[in-house]
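Q: give me the fold of what follows.
(chains A, B, C and D)
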There are 2 protein chains.
Amino acid sequence: MRIGELAGRTNVPPRLLRYYEEQGLLAPDRAVNGYRDYAECLVNRVVQIRGLLDAGLPTKIIKQILPCLDNPCTIHVSDAAPELIAILEEERERMDSRIRCLTRNRDAIGAYLDTIRDRPSS
Amino acid sequence: MRIGELAGRTNVPPRLLRYYEEQGLLAPDRAVNGYRDYAECLVNRVVQIRGLLDAGLPTKIIKQILPCLDNPCTIHVSDAAPELIAILEEERERMDSRIRCLTRNRDAIGAYLDTIRDRPSS
DNA sequence: TCAAAGGTTGACACTTGTGTGAAGGAAAGT
DNA sequence: ACTTTCCTTCACACAAGTGTCAACCTTTGA
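A: Coordinates of the predicted model:
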C-alpha cells in the first residue's frame, strides 16, 4: 500500500511515517515510480512504534529491539549478536523499571480518585 | 538542605533541579541569603519526578498529578476541582495504556531472549 | 582582618530528539 | 487539463537537558 493508505489506517500522518523511515524504524519497498510501498504487516508495526514512543522509548532503542519483537513480517530467530543480547537485557530491565514506576503512580492516582469520590468535599 | 546536597543525594545535577523548579515541579523555600532550602521529603519527590520523566510523562502532566501522589509532604485531600478529576482520570487511563504496551513488549523481548538462549545459534 | 576556595544564583545560549510546515516538482487519478 | 497524492528538501517548533559566565555568599585559614 502507499503512504496515504497506511497513514489513514494507522492514524499517523504521512510526514511522520517518512520521519520514522529516516530514523531507521521503517524500510518500505519502492515502486518503479519512486513511491513507497508498504507491506500489510507494517500497519501493526507502525502502531507498535507509536506505542513505544508514547511510552517514552527513544527511536534509537526502538530501532534496536524492533527486529526481535514478534511480528508476522520477520522470522526473527537469526543470528544472536552477543552485544545485542546485552542491549536487550538492559533494555528489558529499563522497561521493567518504567512499568514499576508507572504502576506505582497510576495506583496512587487511583487511590486519590477513590478518596475524593468517597467524600466529594473535605 | 541546599541544592548541592540534594543533587548529591538524588544524583540529579543542580542545574537540572533549578530547571525543574522553573517548570513548576519544585518550590523550595529560600534562605535569607537567597539560597534554595529544600525540605527533607523533596528527596523522594525528585526521585519520583525522575521516574515519571523517564517513563515518558511530560513536565506539564507531572506538575498536575504530583500534588495528588501520596507524599509525606502534602496532606493532599483538599479541594477536588471538578476538571482536575477529569485530567487525573484521563491521565490514569493513559498510564494504563503505557503499562500495557510496555508489558507486552517487555514480554516479547523476554520471549526472544529465552528463545535464543535455548539454541545459541540457529 | 583579609583573601582564597568553593558553593549558589540568575541569565543567555546551545544541543538533542520528536514532530510539523511548506516549497517545488513529478506521477496518478478524474 | 486539473486535482490529488506523492516525492525530496529545507526550515521551524517545542520539550528536556546542558554549558557557561559574572556576581554573590560562606567557609577556612593565613
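Q: now for the residue nearest the centre of chain A: which residues touch it?
A: Note on chain A: the residue nearest the mean C-alpha position is A:I49, at 2.5 Å, using C-alpha atoms, centre = their mean. By C-beta atoms under 8 Å, 6 or more residues apart in numbering or on different chains, A:I49 lies in contact with A:20, A:25-26, A:62, A:66. Heads up, the C-betas are built off the backbone N, CA and C, glycines and all.
Q: export the residues you listed to CSV and tack on secondary structure and pLDDT?
A: CSV is the format used below for these (DSSP: H, G, I helix; E, B strand; the rest coil; pLDDT from 0 to 100):
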residue, secondary structure, pLDDT
A:Y20, helix, 98
A:L25, coil, 97
A:L26, coil, 97
A:I62, helix, 96
A:L66, helix, 91
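Q: specify which member of those residues is nearest to B:A7.
A: A:I62 (31.0 Å; C-beta to C-beta).
Q: surely the closest one is in contact with A:D54?
A: No - using C-beta atoms under 8 Å as the test, A:I62 is too far from A:D54 to be in contact (11.2 Å).
Q: more neighbours: those two, which one.
A: Ranked by neighbour count (other C-beta atoms under 10 Å in any protein chain shown), A:I62 and A:D54 place A:I62 first, with 22 against 14.
Q: show me the contacts for the spatially closest residue to the more buried one that is not a sequence neighbour.
A: Closest residue in space to A:I62, ignoring its immediate chain neighbours: A:L52 at 5.0 Å, by C-beta to C-beta, 6 or more residues apart in numbering or on different chains. For A:L52, the contacting residues are A:62, B:101, B:105, by C-beta under 8 Å, 6+ apart.
Q: kindly reformat those as CSV containing distance to B:A81.
A: Output for the contacts of A:L52, formatted as CSV (distance: C-beta to C-beta, whole Å):
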residue, distance to B:A81
A:I62, 37
B:C101, 30
B:N105, 35
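Q: redo these as CSV? Include distance to DNA strand D.
A: Shown next, in CSV, are the contacts of A:L52 (distance: C-beta to the nearest atom of the strand, whole Å):
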residue, distance to DNA strand D
A:I62, 17
B:C101, 19
B:N105, 21
